[in-house]
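Colleague: Need coordinates for the following:
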Amino acid sequence: MDLKPGSRWKSAVCDAEFVVVRPPKTPVSLECGGAPVIAHAQARPDGATLSPDHAAGSSAGKRYADEESGLEALCSKAGAGSLTIDGREIGAKEAKKLPASD
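Modeller: Got it, this is the predicted structure:
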């Protein structure tokens, strides 16, 4: 899996789609819904099902980041599966607080 900046990936088990913003420092396995993500142009495999352990969902417009690997991905289409790296769930980044203008 070559996670280059700008590369597009989708879940094999739900509707979620992602764009890599920052690549990982070392090779990792990016998964969604308990299955490895596939290239955006690939067809989803028949019979693949969402793992109940990885069904927390992915939200469109949110950035998901993993400090350990350095990977950052933007969710471009929401889905039922949650994003994981090497089996570790990664969460959405919090928005930066803007300074008060008063």
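Colleague: so where is this structure shaky, pLDDT-wise?
Modeller: Within the chain, the ranges that satisfy pLDDT under 70 run 102.
Colleague: From the centroid of it, which residue is nearest?
Modeller: Leu83 (4.4 Å; CA atoms, centre = their mean).
Colleague: what's the closest non-adjacent residue to that residue?
Modeller: The shortest distance from Leu83 to any residue other than its chain neighbours is 4.9 Å, reached at Tyr64 (CB to CB, 6 or more residues apart in numbering). C-beta here means a position set from N, CA and C on the backbone, and glycine is covered the same way.
Colleague: repeat for Lys77
Modeller: Closest residue to Lys77 apart from its sequence neighbours, by CB to CB, 6+ apart: Glu17 at 3.9 Å.
Colleague: wait, what's in contact with the one you found?
Modeller: Contact partners of Glu17, counting by CB atoms under 8 Å, 6 or more residues apart in numbering, are 8-11, 40, 75-77, 79.
Colleague: For it, list each beta-bridge partner.
Modeller: Listed by DSSP bridges, the beta-bridge partners for Glu17 are Lys10, Lys77.
Colleague: next one: phi and psi at the closest residue to Lys25 other than its chain neighbours?
Modeller: Counting by CB to CB, 6+ apart, Lys25 lies nearest to Gly70, which is 4.4 Å off, once chain neighbours are set aside. Backbone torsions for Gly70, taken as degrees, to the nearest 10, come to phi 90, psi 0.
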